[in-house]
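Chemist: sequence below, structure please.
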Amino acid sequence: MTMPIVHSTAPAPRHVQPYVRVTARDSQWVEFEFSLGDPALYVELVMRPDQFTAFCAAQCAITVSHLLGRSLERERDKWSETVA
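Modeler: As a prediction, this is how the structure comes out:
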């Protein structure tokens with residue numbers, strides 16, 4: 001069975017800036033947060049260092065600065081304190 005092709009009149013999605021924030025690293029693994037457009041909304045990923053480097057290059061990702069990372073953590077802590 002073939003699926004019909006549906007043409008949308010919606011505009012093409014705008015490019016959103018990818019961000020990465022490294023949360024842990026050793027010789028075998030890089031743990032990091034990956035986000036699109038808003039560094040506060042992210043998924044946590046783990047890759048080998050060479051894969052991480054290739055992933056960042058393919059995504060044209062910007063590394064979140066240490067200062068912004070600390071600010072994001074403080075904001076998350078505020079939310080977790082109100083939920084607990």
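
Chemist: what helix or strand is the closest residue to residue 39 other than its chain neighbours on?
Modeler: Leaving out its chain neighbours, the residue that sits closest to residue 39 by Cβ to Cβ, 6 or more residues apart in numbering is residue 19, at 4.6 Å. Yep, even glycine has a C-beta here, placed from its N, CA and C like the rest. Residue 19 is part of strand 18-25 when elements are defined by DSSP states H and E.

Chemist: pLDDT on that strand, on average?
Modeler: For strand 18-25, the mean per-residue pLDDT is 95.

Chemist: over to stretch 40-52?
Modeler: Average pLDDT, stretch 40-52: 96.

Chemist: now it: buried residues?
Modeler: 42, 47, 52 (16 or more other Cβ atoms under 10 Å).

Chemist: tell me which element the last one is part of?
Modeler: Assignment of secondary structure by DSSP H and E places residue 52 within helix 49-59.

Chemist: tilt between that helix and strand 18-25?
Modeler: Calculated by axes from the mean of the first three to the mean of the last three Cα atoms, to 10 degrees, helix 49-59 forms an angle of 170 degrees with strand 18-25.

Chemist: what's helix 49-59 packed up against?
Modeler: strand 18-25, strand 30-36 (3 or more Cβ pairs under 8 Å, 6 or more residues apart in numbering; DSSP states H and E).

Chemist: now those as CSV including distance to residue 64?
Modeler: Formatted as CSV, the helices and strands packed on helix 49-59 follow (distance: least, Cβ to Cβ, whole Å):
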stretch, distance to residue 64
strand 18-25, 4
strand 30-36, 8
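
Chemist: name the stretch among the ones you listed that sits most buried.
Modeler: Ranked by mean neighbour count, the helices and strands packed on helix 49-59 are led by strand 30-36 with a mean of 19 (mean count of other Cβ atoms under 10 Å).

Chemist: distance of residue 21 from residue 44?
Modeler: Using Cβ to Cβ, to the nearest Å, residue 21 is found at 10 Å from residue 44.
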